[in-house]
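In: Give me the fold of what follows.
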Amino acid sequence: MAAAFRQGLQESGYAEGQNVAIEYRWAEGQSDRLPAMLDDLIHRQVAVIAATGTQAALVAKAATKTIPIVFETGGDPIQLGLVASLSRPSGNVTGVTQLNGQVVPKELEVLHELLPTTKTVALLVNPASPAVADEETREAASAARTLGLELHVLKASTEAQLEAVFANLSQSQISGLVVGPEGFFSSHIGQLAALAVRHKVPTIYRGREFAAAGGLVSYGATTASAYHLAGVYTGRVLKGEKPADLPVQQATKFELYINLKTAKALGITVPLPLSGRADEVIE
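Out: A predicted model of the protein is given here:
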């Protein structure tokens, strides 16, 4: 994703090591690290903060009212309190959203299409990101009612809790799982895919990496596209444009990946209309 960000930055006229220096900070899904990281960046008087992920964006906004912030988030920036308006952000903050909370219902639809006889499914959220988890839960609950599904909300914010969730799923009456898009889960995408395969739980998550690692299906906006747009905006801010004058952009490219080998292992027949819509069927 860093490469996509740098590409966007370069399109705005800035190349790392030539006319711009990038101070990288990685929280690795541990949000408690963020405040100290932001304090360090503010102390260094950086020209702009590119905050990727909802928690990073929220901590950055709380940390400074003067340094420009360009965020990348999967949530609704208005509901999260990042901006007052998508078209006219106020203050020192703008960025890119994937509106993943609104994607969760579509993921539920795809899972239901794969498992048409299933009546009970689950949504996995990270309680360490309550604003994101609440939005995903609301959207998923509404979609589940429309589809006639019983929805269980499961929670995990550590590797051990992920292990426990999948172990319990394989022993329960829950037949399918939607993993809510969130930074902690993205940083453990390999573990998620491995757990889904090991416990034979039909699971949907975003990003081709999940399906490529053995997950059943992936759907969502391409994260690389969002990072690229954030890089472009960061370059424009470096050139002197104000965040308040840059409308929040929405990543609009959505992709569907299906792992046919995993589907066969789970005894799932992928409907032809669904496989026909897929950007890639992995065999």
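In: burial measure for residue 273, as a count.
Out: Burial of residue 273 is recorded as 8 neighbouring residues (other C-beta atoms under 10 Å). Every C-beta, even on glycine, is put in place using the N, C-alpha and C of the backbone.
In: Can you give me the neighbour number for residue 84?
Out: 13.
In: list the contacts for it?
Out: Counting by C-beta atoms under 8 Å, 6 or more residues apart in numbering, residue 84 makes contact with 78, 90.
In: List phi and psi for it.
Out: The phi/psi pair for residue 84 (degrees, to the nearest 10) reads phi -80, psi -30.
In: Give me the distance between it and residue 68.
Out: Counting by C-beta to C-beta, to the nearest Å, the gap from residue 84 to residue 68 is 16 Å.
In: Confirm that residue 240 sits in a strand.
Out: No. Assigned with DSSP: H, G, I helix; E, B strand; the rest coil, residue 240 falls outside any strand and is coil.
In: tell me what the helix or strand hosting residue 154 is packed against?
Out: Per DSSP states H and E, residue 154 falls inside strand 150-155. Judged by 3 or more C-beta pairs under 8 Å, 6 or more residues apart in numbering; DSSP states H and E, the packing partners of strand 150-155 are strand 120-125, helix 130-147, helix 159-169.
In: can you tell which of these is closest to residue 271?
Out: Closest approach to residue 271 among those (C-beta to C-beta): helix 130-147, 15.5 Å.
In: Tell me the span between the first and last residue of stretch 269-283.
Out: End-to-end distance for stretch 269-283, by C-alpha to C-alpha, to the nearest Å: 13 Å.
In: That should have said stretch 24-35, apologies.
Out: OK, stretch 24-35 end separation, C-alpha to C-alpha: 15 Å.
In: Going by neighbour count, list what's buried in that stretch.
Out: 27, 29, 31, 33-34 (16 or more other C-beta atoms under 10 Å).
In: got the residue ranges for the strands in this structure?
Out: Secondary structure of the chain by DSSP state E: the strands cover 49-52, 69-73, 93-97, 120-125, 150-155, 176-179, 203-205, 217-221, 249-250, 254-259, 280-282.
In: With mean pLDDT, distance to residue 197 and mean neighbour count added, can I get those in a markdown table?
Out: Listed next are those as a markdown table, based on pLDDT from 0 to 100; distance: least, C-beta to C-beta, whole Å; neighbours: other C-beta atoms under 10 Å:
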| stretch | mean pLDDT | distance to residue 197 | mean neighbour count |
| --- | --- | --- | --- |
| strand 49-52 | 93 | 28 | 25 |
| strand 69-73 | 93 | 29 | 28 |
| strand 93-97 | 94 | 31 | 27 |
| strand 120-125 | 95 | 16 | 23 |
| strand 150-155 | 95 | 18 | 16 |
| strand 176-179 | 95 | 12 | 26 |
| strand 203-205 | 95 | 9 | 28 |
| strand 217-221 | 87 | 13 | 26 |
| strand 249-250 | 88 | 33 | 16 |
| strand 254-259 | 92 | 9 | 21 |
| strand 280-282 | 94 | 13 | 17 |
